[in-house]
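[1] build me a model from this:
(2 chains)
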Amino acid sequence: MSKPHYDREHHVKKATGIGDPQCFKGEAPPAKFKVGDRVRIKDLPDLFYTRTQAYTRGAEATVSRLVYESPPAEDESWDNTENVEWFYSLVFDMTELWPDYHAAFAKDTVETEIPEHYLEAC
Amino acid sequence: MSDDHDHEDEHLHPPAPMVDEVSEFEVLEIAVRELAIEKGLFTQEDHNQWTDYMHTLGPAPAARLVAKAWLDPEYKKLCVEDGVKASLDVNIDWVNTMPTKFGTPSDYCNLRVMEDTPTLKHVVVCTLCSCYPRPILGQSPEWYRTPNYRRRIVRWPRQVLAEFGLQLPEDVEIRVVDSNQKSRMIVLPVRPEGTEGWTEDQLAEIVTRDCLIGVAVPKPGITNNAKRPVRKAINPYKH
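    Residues are numbered from 1 along each chain as shown, chains lettered A, B, ... in the order given. Here you go, the predicted structure:
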């Protein structure tokens, strides 16, 4: 059996002099959400690697910014860069994430970035 | 330069371990590096070049960026809109930097400058690992990488900030920024009172690394990071 050939340099070739995530600009389908939208994080299964924190799953958040287009880390970790999508910066209320967070500090928030396929409108 | 004495030490030597022991991760790094060199993935020369580059990095450019933003509202707007572009004005090119020329490995090329207001205070963490805007801020401090800081700051931010000596009133919203994807963040703190008429150099001096992570706020006269307590090793490593 011949040794399979893997293109280990396709990312380098694509990103050099442009930057990552800039090199994926324009490849994502139109964004489903806009700034101010309320979204819920889906608790999707993931195989060995994810960058969607357990504490965000099932929680609701507000879109604060559309940050960039990129393949999700869950795909990229397997060298799959086909499914480019929008990434959103989301603001969660602390009281939404942690039920016993003190009501006196109910204004406190967490901001983090989640790719589109993890989000559903709510 | 805004670098204090402690920082100069960090440039000359690798950061001191939190306890006086060589961790298993340091041993693992050496083992993997030597295997990679043996396999021909990169050379010792490549590795030297990379470590030399890493040792030139520090928080000075980020402090300069903040000082410029305080003085120039247009530049501040650019910082918030496009941190990578704004970095060029403090001589940090996120894209065309050696050795990769598409962003340093694991740092990527998307800097976000999180602007504080009198009623909003940002603090940065990477709960999943220890992502840090190294091109503009240098190597992360040891405590930033510890599970202790990473898991507690998103859960009990006020208590953790109090441990750093920063106590904020109830009407200030604390926003913990968890850098979990390709963006890296620095904090643009509120310009403190008592700095009216200061030059850019004077302003840059009070913007310490801790202010840029968000665990401290700039104060006239304070140009050093507060000392963190170091727990002594039970079985110290002896050379």
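
[2] okay, which residue is most central for chain B?
    Central residue of chain B (C-alpha atoms, centre = their mean): B:Leu137, 4.4 Å from the mean position.

[3] check whether that one really touches B:Ile186, as I assumed.
    Yes - look at B:Leu137 against B:Ile186 with C-beta atoms under 8 Å: they come within range, at 6.3 Å. For glycine as for every other residue, the C-beta is placed from the backbone atoms N, C-alpha and C.

[4] shared neighbours of those two, which are they?
    Taking C-beta atoms under 8 Å, 6 or more residues apart in numbering or on different chains as the contact rule, B:Leu137 and B:Ile186 both touch B:62, B:212-213.

[5] so what's the residue nearest to the centre of chain B scoring on pLDDT?
    According to the model's per-residue confidence, B:Leu137 sits at a pLDDT of 94.

[6] and for A:Glu113?
    Residue-level confidence at A:Glu113 comes out at 98, pLDDT.

[7] shouldn't it be within a helix?
    No - A:Glu113 sits outside any helix when classified using DSSP: H, G, I helix; E, B strand; the rest coil, being strand.

[8] burial count for it?
    Using other C-beta atoms under 10 Å in any protein chain shown, A:Glu113 has 24 neighbouring residues.

[9] what pLDDT is listed against the closest residue to it other than its chain neighbours?
    Leaving aside its sequence neighbours, A:Glu113 sits nearest to B:Gln181 (C-beta to C-beta, 6 or more residues apart in numbering or on different chains; 4.2 Å). Residue-level confidence at B:Gln181 comes out at 95, pLDDT.

[10] neighbours of B:Gln181, how many?
    Going by other C-beta under 10 Å, the residues that sit close to B:Gln181 add up to 25.

[11] which residues touch the residue nearest to the centre of chain B?
    Residues in contact with B:Leu137, defined by C-beta under 8 Å, 6+ apart, are B:57-59, B:62, B:186, B:209, B:212-213.

[12] state the phi and psi torsions of B:Arg175.
    phi -120, psi 110 (degrees, to the nearest 10).

[13] and it, what are its bridge partners?
    With beta bridges defined as DSSP bridges, B:Arg175 has these partners: A:Thr109, B:His122.

[14] what's the neighbour count on it?
    B:Arg175 sits with 24 neighbouring residues when counted by other C-beta under 10 Å.

[15] ok, B:Ser179 next?
    Counted with other C-beta under 10 Å, residues neighbouring B:Ser179 total 23.

[16] could you do B:Ile92 as well?
    Applying the criterion other C-beta under 10 Å, we find 21 residues in the vicinity of B:Ile92.
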